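Undergrad: Return atomic coordinates for the entry below.
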Amino acid sequence: MFRSLIYDTLILRLTTQWYAAVFQRLAPGATVLDIGVGTAGALLAHERWIRERGLHVTGIDIDADYIRRARARVRAAALEGRVEVTLESVYDHAGGPYEAVYFSGSFMLLPEPERALHHCAGLLTNAGRVYFTQTFQTRRSWLVERIKPWLRRLTTIDFGQVTYAADFRAHLTNAGLTIEEWITLDEHHGRAACLVIAKPTPAGTDGDPIPVHRRRPSQGPE
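TA: Below is the predicted model:
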């Protein structure tokens with residue numbers, strides 16, 4: 001439980017804004033796979049939106065402490081009919097089909113990100129999309145590259161490696177996804193928080209994405 005409290009303290013404020021940026025784009029009744037749901041605090045910060053828009057969310061995570069806290073939150077919110085959280089790896093998940101697969105900062109933490117994308121593409125509906133919210137380093141930083149992996153020892157939370165846009169794009173291209181939109185949600189101190197929306201590349205195309213780039217602040221439900 002201590003680890004989940006640290007997670008909530010350090011992560012929720014940022015990821016709650018990220019969920020808003022994704023949820024405002026989902027159609028009523030959408031089915032969502034939330035990969036790396038954590039303690040579900042950011043997800044359930046949008047409880048009203050889940051209810052009013054009739055969303056159905058399956059959240060998975062490989063951290064048992066996070067999932068225990070997430071399940072308690074779902075019960076407290078009486079959302080068992082709308083939200084299910086399970087202790088499970090993305091590589092083992094066999095649910096769906098989903099209108100949306102969502103990686104909230106979790107994609108670049110995966111040991112085999114391209115394998116995960118191949119698997120998730122097979123869980124989408126025909127019109128389904130993959131959503132990513134991710135912080136990117138906008139310029140090379142030797143210091144940040146060295147410090148970030150050590151944060152896990154200090155906080156118990158895996159912040160992964162420094163993420164650069166070129167590496168991220170390469171993973172998506174290699175996994176057969178085309179980027180439709182790349183939206184900068186916030187930018188400061190050499191880092192940019194972005195929402196990226198992608199879809200499986202149609203057969204017979206070269207898959208070289210020409211995404212729409214724009215800046216747009218995240219918004220919560222009205």
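
Undergrad: Lowest average confidence across helices and strands of this protein, where is it?
TA: In the chain, no helix or strand scores lower on mean pLDDT, DSSP states H and E than helix 151-155, which sits at a mean of 45.

Undergrad: I'd like the next helix or strand past that one.
TA: Next helix or strand after helix 151-155 toward the C-terminus (DSSP states H and E): helix 165-174.

Undergrad: elements contacting that following helix?
TA: Helices and strands touching helix 165-174, by 3 or more CB pairs under 8 Å, 6 or more residues apart in numbering; DSSP states H and E, are helix 113-121, strand 124-137, strand 177-188. All C-beta atoms are positioned from the backbone trio N, CA, C, and that covers glycine.

Undergrad: one more time with 10 Å, if that's ok
TA: Counting contacts by 3 or more CB pairs under 10 Å, 6 or more residues apart in numbering; DSSP states H and E, helix 165-174 packs against helix 113-121, strand 124-137, strand 177-188, strand 191-200.

Undergrad: Check the gap between residue 94 and residue 70 for me.
TA: Distance, residue 94 to residue 70, using CB to CB, to the nearest Å: 20 Å.

Undergrad: Please apply the same query to residue 104.
TA: For residue 104, the distance to residue 70 - CB to CB - is 13 Å.

Undergrad: residues shared between the contacts of the two?
TA: Common contacts of residue 104 and residue 70, defined by CB atoms under 10 Å, 6 or more residues apart in numbering, comprise 34, 37-38, 43, 59.

Undergrad: wait, which of those residues is closest to residue 175?
TA: Set against residue 175, the nearest of the shared contacts of residue 104 and residue 70 by CB to CB is residue 34 (19.1 Å).

Undergrad: Excluding chain neighbours, what is closest to the closest one?
TA: Excluding the flanking residues, the one nearest residue 34 by CB to CB, 6 or more residues apart in numbering is residue 59, at 4.1 Å.

Undergrad: which SSE is that neighbour in?
TA: Counting by DSSP H and E, residue 59 is found in strand 56-61.

Undergrad: now that strand, how far from the chain's geometric center?
TA: With CA atoms, centre = their mean, to the nearest Å as the basis, strand 56-61 stands 11 Å off its chain's centre.

Undergrad: Which other helices and strands does that strand contact?
TA: Packed against strand 56-61, as judged by 3+ CB pairs under 10 Å, 6+ apart, are the following elements: strand 31-35, helix 41-44, helix 64-76, strand 83-87, strand 98-104.

Undergrad: For it, buried residues please.
TA: The neighbour-count check on strand 56-61 (16 or more other CB atoms under 10 Å) flags 57-61 as buried.

Undergrad: on that earlier part again, could you export the helices and strands packed on helix 165-174 as TSV, including distance to residue 165?
TA: Formatted as TSV, the helices and strands packed on helix 165-174 follow (distance: least, CB to CB, whole Å):
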stretch	distance to residue 165
helix 113-121	14
strand 124-137	5
strand 177-188	8
strand 191-200	8
